[in-house]
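> Pasting the sequence and the predicted model now:
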Amino acid sequence: MRHPTLRPVRRNSGRTASQRRFVLGVTFPTILYAAAFSLLPIVWALALMFFEYSPGRAGGAILGLGGDNPFVGLEHFRNMVVGMSREARLFRVSLRNTLVFAFAVLPLNLAITLPLAALIESVRGRLKTAFRAIYFLPAVTSSVGVAMMWGFIYDPQKGLLNAVIRLIGGTPIAWLSDPRTKFLGISVALWAVIAAYLWQDFGYNLVIFIAALQGIPHEFKEAAMVDGASPLQVFLKITVPLLRPTLLFVCVMTMLSSFQVFDIIQVMTDGGPNYQTHVLVLDIYNNAFRYQRMGWAAAGSFVLTVVVMLITIFQMRLLRTEWEY
Amino acid sequence: MTTAVRSLRLVLARRRLPPPTLRYNLGQILVYFLLILGLSATLTPFAWMILTSFKTATEILRTPPTFWPENPTLDNYRTILQDPQLPLLRFYGNSAFVAVSNVITTLFTSSLLGYLFAKYEFRGKQALFGFFLLTMMIPSQMTMIPGYLILVKLHLINTLWGLVLPSFLDAFGIFMMRQFIETIPNELLDAARIDGASEWQIFLRIVLPQLGPALATLGTLNFMGNWNAYLWPMVVITRLERRTLPIILTWYSTQHTTQPHITMAASVLMVMPILAVYFFFQRWIVRGITLTGFK
């Protein structure tokens, strides 16, 4: 039974003047700062996409919009869908490449990280920590460093990959510059950046899977073993179903980051050969900062935002209905 | 199967667990074989970079290339360190300045706002929190263009402050800190209040010292993110001497496209400091990622 005098201090009446001052003293500068550096960029980006904006032109009074930077309404979005101009076609190419990239990366990533996590999890003690630490090394390497390393692995004359291919009697390939060679309908250059990206990125999901595997109660697996299940059966019938929430989370995070791929592609191929690795963020960057077509680029970035938000909302919906063990 | 039967079976199974047999060892050997195979795939690109950086200019021209350097040399490193075009120390300084400033400011704002959201009630709290949630969902590529235009207006383009000033607030850090601070008992804060501590004193003397692990995790992730950042620094800074390491590395490699031994040595010099940081803070990084799935 609750003793009346031991009631906790009620929040509202417990608020003193000094607490209110503190709250105000923190929130006031925060709101001012967030308005300038968080809210304004969002609003500005939402406005930019309706204009033909270039920072070189003077434009109207408010944010340089209007005047020489005319309002074009939904013209950019119409162009993206049906326009035949060079930038419209390049945008569609970049969207297509990004989709191919993301949907190739996801299954390949899972096919590497999930079994590997199970293998590492089966090792005991300090060795497990050591394996995990080394497997995570590529993930902490800067993406530019990764791009440099892999760029030289793919080098047609001096690269390691072609050296190995020559050694086993194959034909060397100009991995990053041959626009004709294809594999499974995807150009080798795109495959090459996919491989480099996978190498850089798999550590994250690996670490998350290892942690999730550690969280699965041992009794479940042991019980199945006792009932005569093979290790593979235990993995597929017990472990994987129990990992579903983690699996979903990992899928979404992998999707989100591969939709935003930029660094390694910009350094390794800069979209080439023949725009076969031209991805969405590269398209946005080129338009905004190389060609100063910022209205068009803002419209492109809005498309990216919509895709990212849809994936996030989809994940939240699914997670809400997911059960936990 | 009832629980009782199952646990009985488990007990029996444990008792019947045989001593390590040959079959058991074969499974283990296969596991280790696969793990080491994967390990070599993980380490080969590093090895290729490092080995190449020790090769001579004549050896690098050979086709097919050698794997191990025949006459290992430090000349490539000497060339880079003595190159007047490449004052490396300055670029390390630039990168360190940006990364350290951002770590300090975001750790401060994240813990302060996390504390505010965890322990205070005020009007507009939900709205402000919801706004931070929204900024976390919007990809940086969308706000990058107006972000650049704002820096132009503030005359911060081509300054390192341009990489620091707009990133004081880190929505992700605020969320993480709020989670941590919620676990600090209110009684502790109230006791300090009764003893006459001001709200700032409570934050600095009571809350902040409890956040050690959280600060280490957030700080390490933040440092690496800043140190490795490429797109945003490239947008903000175009003047050569103000650049950060990743941008200078790509610039330097375009100057030496025919000399991979030089660019690989430069890559080693750029990649190694962060790997050292990683080995030092490994525990915090792994914890941070499993906690949040943050990239």
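Cool, the structure landed.
> can you tell me if stretch A:261-279 touches chain B.
Yes: Stretch A:261-279 is in contact with chain B by Cβ under 8 Å from any Cβ of the partner chain, via A:262, A:263, A:266, A:267. Every C-beta, even on glycine, is put in place using the N, C-alpha and C of the backbone.
> send the alpha carbons of that stretch over as CSV?
What follows is stretch A:261-279, C-alpha atoms only, in CSV (Å, rounded to 0.1, in the frame of the first residue of the first chain):
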residue,chain,number,x,y,z
VAL,A,261,26.3,5.4,-52.3
PHE,A,262,28.6,8.1,-53.6
ASP,A,263,32.2,8.1,-52.3
ILE,A,264,33.7,5.0,-53.8
ILE,A,265,31.9,5.3,-57.1
GLN,A,266,33.0,8.9,-57.5
VAL,A,267,36.6,8.1,-56.8
MET,A,268,36.8,4.8,-58.7
THR,A,269,34.8,5.5,-61.9
ASP,A,270,33.1,8.9,-61.6
GLY,A,271,30.1,7.3,-63.1
GLY,A,272,31.9,5.8,-66.1
PRO,A,273,32.3,4.0,-68.3
ASN,A,274,29.6,5.4,-70.5
TYR,A,275,27.5,6.2,-67.3
GLN,A,276,27.2,2.6,-66.4
THR,A,277,28.0,3.4,-62.7
HIS,A,278,26.3,6.8,-62.7
VAL,A,279,24.2,6.7,-59.5
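> from the residues of stretch A:261-279 next to chain B, which ones fall inside helices?
A:263, A:266, A:267 (DSSP state H).
> any idea of the mean pLDDT in stretch A:276-289?
The average pLDDT within stretch A:276-289 is 95.
> err, stretch B:264-277, not the other one
The average pLDDT for stretch B:264-277 rounds to 87.
> Quick check: closest non-adjacent residue to residue A:153.
Closest residue in space to residue A:153, ignoring its immediate chain neighbours: residue A:160 at 4.8 Å, by Cβ to Cβ, 6 or more residues apart in numbering or on different chains.
> Pull the number of nearby residues for residue B:25.
10 (other Cβ atoms under 10 Å in any protein chain shown).
> Contact partners for it?
With Cβ atoms under 8 Å, 6 or more residues apart in numbering or on different chains as the criterion, no residue contacts residue B:25.
> Am I right that it sits in a strand?
No: under the criterion used here (DSSP: H, G, I helix; E, B strand; the rest coil), residue B:25 is helix, not part of a strand.
> list the buried ones in the one helix or strand residue B:133 maps to?
Secondary structure assignment for residue B:133, by DSSP states H and E: helix B:125-137. Of all the residues in helix B:125-137, those buried under the rule 16 or more other Cβ atoms under 10 Å in any protein chain shown are B:128, B:129, B:131, B:132, B:135.
> Going by contacts, tell me the helices and strands next to that helix.
Applying 3 or more Cβ pairs under 8 Å, 6 or more residues apart in numbering or on different chains; DSSP states H and E, one finds that helix B:125-137 contacts helix A:17-34, helix A:294-321, helix B:171-182.
> And the strands in the stretch 151-300 of chain A?
Using DSSP state E, counting those that start in this stretch, the strands of the stretch 151-300 of chain A run over A:182-183, A:186-187.
> Is there any residue in the lengthiest helix in chain A that contacts chain B?
What stands out as the longest helix in chain A, according to DSSP H, is helix A:86-122. Yes: for helix A:86-122 and chain B, the contact criterion (Cβ under 8 Å from any Cβ) is met by A:116, A:119, A:120, A:122.
> ok so, going back, next, the contact list for the residue nearest to residue A:153, please.
Per Cβ under 8 Å, 6+ apart, neighbours of residue A:160: A:152, A:153, B:44, B:48, B:65, B:67.
> Pipe the residues you listed into CSV and attach distance to residue A:19 per row.
Putting these into CSV (distance: Cβ to Cβ, whole Å) gives the following:
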residue, distance to residue A:19
A:152, 59
A:153, 59
B:44, 58
B:48, 59
B:65, 68
B:67, 67
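> And the residue most central in space within chain A, how far from chain B?
For chain A, the residue nearest the mean C-alpha position is residue A:257 (0.2 Å; Cα atoms, centre = their mean). Distance, residue A:257 to chain B, by Cβ to the nearest Cβ, to the nearest Å: 6 Å.
> do the same with residue A:201
From residue A:201 to chain B the distance is 8 Å (Cβ to the nearest Cβ).
> Count the residues that sit near that residue.
Using other Cβ under 10 Å: residue A:201 sits among 24 other residues.
> what sits against it?
A:105, A:109, A:138, A:139, A:254, A:257, A:258.
> before we move on, what about residue B:114?
Contacts of residue B:114 by Cβ under 8 Å, 6+ apart are B:173, B:174, B:175, B:176, B:177, B:178, B:179, B:180, B:181.
> Can you add distance to residue A:234 and pLDDT and give the contacts of residue A:201 back as TSV?
Shown next, in TSV, are these (distance: Cβ to Cβ, whole Å; pLDDT from 0 to 100):
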residue	distance to residue A:234	pLDDT
A:105	28	95
A:109	23	95
A:138	30	92
A:139	28	89
A:254	25	90
A:257	31	90
A:258	31	92
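> Just the pLDDT for residue 6.
All of this is about chain A. pLDDT at residue A:6 comes out at 46.
> wait, chain B
46.
> rewinding a little: just the residues of helix A:86-122 next to chain B now: which is nearest residue A:288?
Among the residues of helix A:86-122 next to chain B, residue A:116 lies closest to residue A:288 (Cβ to Cβ), at 38.3 Å.
> quick one: low-confidence ranges for chain A?
A:1-15, A:319-325 (pLDDT under 70).
> go with 80
By pLDDT under 80, the low-scoring segments of chain A are A:1-15, A:56, A:58-62, A:64, A:66-67, A:124-125, A:221, A:231, A:272, A:315-325.
> Kindly report the same for chain B.
B:1-27, B:61-64, B:85, B:257, B:282-295.
> got the contact list for the residue nearest in space to the middle of it?
The C-alpha lying nearest the average C-alpha coordinate of chain B belongs to residue B:224 (Cα atoms, centre = their mean; 2.8 Å). Residue B:224 makes contact with A:140, B:274, B:277, B:278, B:285 under the criterion Cβ under 8 Å, 6+ apart.
> Most neighbours of all those, which one?
residue B:285 (24 neighbours).
> Please look at it and residue B:218 and confirm they touch.
No: assessed by Cβ atoms under 8 Å, residue B:285 is found out of contact with residue B:218, at 10.8 Å.
> what about residue A:270, how many residues close to it?
13.
> what kind of secondary structure is residue A:55 in?
From three-state DSSP, the assignment for residue A:55 is coil.
> Next, count neighbours for it.
Neighbours of residue A:55 (other Cβ under 10 Å): 15.
> what does the one 10 residues further on give?
Burial measure for residue A:65: 19 neighbouring residues, criterion other Cβ under 10 Å.
> Beta-bridge partners for the closest residue to it other than its chain neighbours, please?
Leaving out its chain neighbours, the residue that sits closest to residue A:65 by Cβ to Cβ, 6+ apart is residue A:51, at 5.2 Å. Beta-bridge pairing for residue A:51 (DSSP bridges): residue A:71.
> Just the C-alphas of stretch A:79-95, formatted as PDB.
What follows is stretch A:79-95, C-alpha atoms only, in PDB (Å, rounded to 0.1, in the frame of the first residue of the first chain):
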ATOM      1  CA  ASN A  79      11.100  16.100 -67.100                       C
ATOM      2  CA  MET A  80      12.400  13.300 -64.900                       C
ATOM      3  CA  VAL A  81       9.600  11.100 -66.100                       C
ATOM      4  CA  VAL A  82       9.100  12.000 -69.800                       C
ATOM      5  CA  GLY A  83      11.800  14.600 -70.600                       C
ATOM      6  CA  MET A  84      14.200  13.700 -73.500                       C
ATOM      7  CA  SER A  85      16.900  16.300 -72.500                       C
ATOM      8  CA  ARG A  86      20.300  15.000 -71.600                       C
ATOM      9  CA  GLU A  87      19.900  15.600 -67.900                       C
ATOM     10  CA  ALA A  88      16.500  13.900 -67.800                       C
ATOM     11  CA  ARG A  89      17.900  10.800 -69.500                       C
ATOM     12  CA  LEU A  90      20.900  10.800 -67.200                       C
ATOM     13  CA  PHE A  91      18.700  11.100 -64.200                       C
ATOM     14  CA  ARG A  92      16.700   8.000 -65.300                       C
ATOM     15  CA  VAL A  93      20.000   6.200 -65.900                       C
ATOM     16  CA  SER A  94      21.200   7.100 -62.400                       C
ATOM     17  CA  LEU A  95      17.900   5.900 -60.800                       C
END
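> Having no further points to raise, I will conclude here.
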